[in-house]
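>>> Fold the following, please.
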Amino acid sequence: MAAVVTAMWLIGGMIALFVAIMILAGSIFVVNQWEKVAVLRFGRIIKIVDAGLHFKVPFIDSIRRVDFRMETLDLRGQAAITKDNISVGIDAAVFMKIEDAEKVITSVVDYRDAVSKYVQTSMRDIVGQYTLDDLLASREKVAKSLKEIVDELSASWGIDITKAELQEISLPADMKRAFAVQAESERESRAIVTKASAELEASETLKQAAENLKDPNAMQLRILETIKQVSKDQSNTILIALPLETIQSAGASGIAAMASIRPRFLQGELSKSTQNTEET
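Numbering: from 1, shown residues only. Got it, this is the predicted structure:
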């Protein structure tokens with residue numbers, strides 16, 4: 001009989017020890033460095049604890065963990081209409097961080113979904129205030145406006161919007177073709193203007209050169225230089241048309257002197273021809 005009582009006491013003690021261990025385990029919790037924990041007692045937040053080992057009343061207290069690390073909302077393919085009634089697709093990213101754990105728990109059910117929906121609505125409103133050209137040229141300004149608008153509301157939820165970015169603005173296929181045609185036309189227009197400017201500059205230079213060549217001496221020097229350049233190729237036959245001013249300036253003696261000039265290769269051919277004639 002004593003043995004049975006002892007066994008019962010032993011079993012009861014083991015059960016009590018197990019229950020005590022379970023109660024103790026349920027009253028201890030660990031908070032990580034990157035989070036905070038709200039302790040609720042009978043559904044009411046009594047304290048917010050930081051990283052470390054903490055205790056709570058078993059079966060009475062409950063905890064709610066809040067991650068304080070930076071979070072990213074990736075919003076892809078958001079449809080919007082610009083001020084000039086053009087449909088665009090926008091890929092955006094919003095970076096946010098929780099500042100007040102109690103507000104996040106008590107103010108909004110799902111803060112990620114709430115911020116995401118509000119960003120989408122605000123982005124459509126902002127894009128509707130810009131034409132397509134202004135939207136493409138003012139991406140940073142649009143992103144800044146989006147950040148300020150969303151941050152104003154999310155602050156009441158205990159959330160700080162650190163940054164908002166427009167990653168990409170997608171255009172319809174017909175608009176892409178229109179932009180390509182426009183860009184090509186602009187390039188052709190610039191090419192025509194550049195070519196016309198070059199021709200104008202060349203004509204001004206030629207006009208100045210023509211004014212300088214009115215001097216007969218300058219014209220004669222130009223002719224001699226041309227003869228020098230052309231005479232490098234001995235297979236060429238050179239016919240020179242001299243202006244009347246040059247002939248008058250050179251005079252009869254000058255023309256005779258020019259006519260008496262013979263290239264060396266012609267003199268050699270003449271000497272060879274004369275020698276062959278004499279031998280015959």
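>>> In a helix, Lys214, correct?
No. Lys214 is assigned coil when assessed by DSSP: H, G, I helix; E, B strand; the rest coil, not a helix.
>>> residue ranges with poor pLDDT in the protein?
In the predicted model, the chain carries pLDDT under 70 at residues 1-5, 24-25, 176, 213, 216-217, 219-220, 230-280.
>>> what does the domain assignment say about it?
25-61, 71-171, 173-212, 221-270 (automatic domain parsing).
>>> can you list these in JSON lines and add mean neighbour count and distance to Ala7?
Quick note: C-beta positions are derived from backbone N, CA and C, even for glycine. Listed next are these as JSON lines, based on neighbours: other C-beta atoms under 10 Å; distance: least, C-beta to C-beta, whole Å:
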{"stretch": "domain 25-61", "mean neighbour count": "13", "distance to Ala7": "27"}
{"stretch": "domain 71-171", "mean neighbour count": "16", "distance to Ala7": "50"}
{"stretch": "domain 173-212", "mean neighbour count": "10", "distance to Ala7": "84"}
{"stretch": "domain 221-270", "mean neighbour count": "11", "distance to Ala7": "127"}
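>>> I'd like the ones you listed as TSV, with distance to Leu10 appended.
Output for the domains of the chain, formatted as TSV (distance: least, C-beta to C-beta, whole Å):
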stretch	distance to Leu10
domain 25-61	22
domain 71-171	46
domain 173-212	82
domain 221-270	124
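>>> do you know which of those domains lies nearest Ala16?
Closest to Ala16 of the domains of the chain is domain 25-61 (C-beta to C-beta; 14.8 Å).
>>> Helices along the stretch 51-200 of the chain, start to end?
101-107, 111-127, 132-137, 139-154, 173-212 (DSSP state H, counting those that start in this stretch).
>>> I'd like the ones you listed laid out as JSON lines, including distance to Ile161.
Putting those into JSON lines (distance: least, C-beta to C-beta, whole Å) gives the following:
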{"stretch": "helix 101-107", "distance to Ile161": "14"}
{"stretch": "helix 111-127", "distance to Ile161": "8"}
{"stretch": "helix 132-137", "distance to Ile161": "21"}
{"stretch": "helix 139-154", "distance to Ile161": "4"}
{"stretch": "helix 173-212", "distance to Ile161": "31"}
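>>> Looking at these, which is nearest to Phe55?
Among the helices of the stretch 51-200 of the chain, helix 101-107 sits nearest to Phe55 (C-beta to C-beta), with 18.9 Å.
>>> Pull out the CA atoms of that closest one and give them to me as CSV.
Taking C-alpha atoms only, helix 101-107 is exported to CSV below (Å, rounded to 0.1, in the frame of the first residue of the first chain):
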residue,chain,number,x,y,z
ALA,A,101,4.8,50.0,-32.7
GLU,A,102,1.7,50.9,-30.7
LYS,A,103,0.3,53.0,-33.6
VAL,A,104,0.9,50.2,-36.1
ILE,A,105,-0.9,47.7,-34.0
THR,A,106,-3.9,49.9,-32.9
SER,A,107,-4.4,52.1,-36.0
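>>> Ile28 - nearest residue in space that isn't next to it in sequence?
Once flanking residues are discounted, Ile28 sits nearest to Phe55: 6.0 Å by C-beta to C-beta, 6 or more residues apart in numbering.
>>> give me every residue that touches that neighbour.
Taking C-beta atoms under 8 Å, 6 or more residues apart in numbering as the contact definition, Phe55 lies against Ser27, Ile28, Phe29.
>>> from those residues, which ones fall inside helices?
Counted as lying in helices by DSSP state H, out of these, are Ser27.
>>> these two touch, right, Gln33 and Ala51?
Yes. Counting by C-beta atoms under 8 Å, Gln33 does reach Ala51; the two are 4.5 Å apart.
>>> What does Leu171 show for phi and psi?
phi -110, psi 150 (degrees, to the nearest 10).
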